[in-house]
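Engineer: what shape does this take:
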Amino acid sequence: MRICKGASDRSGLVAVIFFMLGMGTLLPWNFFITAMNYFTDRLKNGTSSTQTDTYMFGNMSVLLAQLPLLLFTLLNSFLYQQEDAHCWQHDLHINVFPAITINTKPSGLFDGKDNIFVPVCSFIVFNVMDWIGRSLTSRLQWPSMKSHSFPFFVVLRVVFIPALMLCNIQPRVYLPVFFNHDMAYIIIMSLFAMTNGYFACLSMSYAPQLVRPKDAETAGALMTFFLALGLSLGAAFSFGLKIIL
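Structural biologist: Residues are numbered from 1 along each chain as shown. A predicted model of the protein is given here:
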């Protein structure tokens with residue numbers, strides 16, 4: 001196979017393609033997830049707004065949105081017999097966001113402003129902080145590529161699951177509300193999103209460097225598959241988290 005070395009993207013065409021790909025993927029996704037409360041209320045058919053989400057519309061939407069991605073990345077990948085921290089990274093992400101956090105209610109800074117609380121404090125905060133985390137990797141790459149602490153810090157992010165579930169998410173039956181104030185939720189969401197972007201970007205950049213140059217393309221394809229697998233598993237696990245809430 002012929003390999004072209006020293007190729008450059010002077011016109012920025014590759015950057016534009018990736019930008020348009022991201023817009024085409026994330027724009028309709030955000031249209032749906034920011035309107036989950038509307039669809040949930042429609043499914044209640046005029047009953048009490050405090051009624052439990054019988055249909056689990058948010059969880060189901062997140063799960064179904066990930067399955068086509070999982071299917072096509074599976075078809076595009078060659079499976080290796082190895083574990084991948086990247087799968088765990090995105091499993092943690094989609095466990096609680098957005099299927100669980102969409103039901104967070106304001107208490108404090110946004111009292112009486114339910115219509116803007118979730119769009120601002122969940123979606124804008126998450127996407128901005130996720131972008132900051134990804135951008136940070138251009139200046140800082142820690143832990144290093146071969147560091148044994150890298151998987152440890154990825155797994156350590158599991159603490160964000162109970163932290164977010166103990167925020168003012170309603171309705172709830174079993175768990176108490178521990179972080180009631182809006183500022184606590186914003187801080188937890190910010191750290192959750194920034195570490196998600198940071199470690200996800202590091203995972204994607206480290207993987208092709210850990211294999212032989214001829215296997216770098218396959219490693220990249222595998223990382224995409226594990227991303228989709230993690231998102232799908234996280235979406236499936238979110239049903240259980242919703243039940244114990």
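Engineer: so where do the strands sit in this structure?
Structural biologist: Read by DSSP state E, the chain holds no strands at all.
Engineer: how about low-confidence regions in it?
Structural biologist: 1-9, 45-55, 73-91, 93 (pLDDT under 70).
Engineer: biggest helix in it by residues?
Structural biologist: The residue-count maximum for a helix in the chain (DSSP state H) belongs to helix 216-244.
Engineer: and it, what's buried?
Structural biologist: 219-220, 222-238, 241-242 (16 or more other Cβ atoms under 10 Å). Using the backbone N, CA and C atoms, a C-beta is placed for each residue, glycine as well.
Engineer: likewise for stretch 141-157?
Structural biologist: Applying 16+ other Cβ under 10 Å to stretch 141-157 flags 143, 150-151, 153-154, 157 as buried.
Engineer: closest one of those to L175?
Structural biologist: Proximity of the buried residues of stretch 141-157 to L175 (Cβ to Cβ) peaks at R157, which lies at 19.6 Å.
Engineer: can I get stretch 200-210 as PDB, trimmed to CA atoms?
Structural biologist: Provided in PDB are the C-alpha atoms of stretch 200-210 (Å, rounded to 0.1, in the frame of the first residue of the first chain):
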ATOM      1  CA  ALA A 200     -12.100  11.200  25.400                       C
ATOM      2  CA  CYS A 201      -9.800  13.300  23.300                       C
ATOM      3  CA  LEU A 202      -6.700  11.800  24.900                       C
ATOM      4  CA  SER A 203      -8.000   8.300  24.300                       C
ATOM      5  CA  MET A 204      -8.600   8.900  20.700                       C
ATOM      6  CA  SER A 205      -5.200  10.500  20.200                       C
ATOM      7  CA  TYR A 206      -3.200   7.900  22.200                       C
ATOM      8  CA  ALA A 207      -4.600   4.700  20.700                       C
ATOM      9  CA  PRO A 208      -3.100   5.000  17.200                       C
ATOM     10  CA  GLN A 209       0.300   5.800  18.700                       C
ATOM     11  CA  LEU A 210       0.300   2.600  20.800                       C
END
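Engineer: please identify the buried residues of it?
Structural biologist: 200-204, 206-208.
Engineer: mark which of these are part of helices, please.
Structural biologist: Mapping these onto helices (DSSP H) picks out 200-204, 206.
Engineer: as CSV, the residues you listed with distance to F192 would be great.
Structural biologist: Below are those laid out as CSV (distance: Cβ to Cβ, whole Å):
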residue, distance to F192
A200, 12
C201, 15
L202, 16
S203, 16
M204, 19
Y206, 21
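Engineer: quick one: the helices in this protein?
Structural biologist: 13-33, 36-44, 57-75, 85-96, 114-117, 125-136, 149-156, 160-165, 182-206, 216-244.
Engineer: including distance to T104, could those helices go into a markdown table?
Structural biologist: A markdown table is the format used below for the helices of the chain (distance: least, Cβ to Cβ, whole Å):
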| stretch | distance to T104 |
| --- | --- |
| helix 13-33 | 13 |
| helix 36-44 | 11 |
| helix 57-75 | 12 |
| helix 85-96 | 10 |
| helix 114-117 | 7 |
| helix 125-136 | 11 |
| helix 149-156 | 23 |
| helix 160-165 | 8 |
| helix 182-206 | 6 |
| helix 216-244 | 13 |
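Engineer: so which of those helices gets nearest G108?
Structural biologist: Closest among those, using Cβ to Cβ: helix 182-206, at 4.1 Å.
Engineer: got the angle between the closest one and helix 125-136?
Structural biologist: 40 degrees (axes from the mean of the first three to the mean of the last three Cα atoms, to 10 degrees).
Engineer: quick one: buried residues of helix 182-206?
Structural biologist: Buried, per 16+ other Cβ under 10 Å, within helix 182-206: 182, 184-186, 188-204, 206.
Engineer: ok, stretch 161-172 next?
Structural biologist: For stretch 161-172, using 16+ other Cβ under 10 Å, the buried residues are 161, 163-169, 172.
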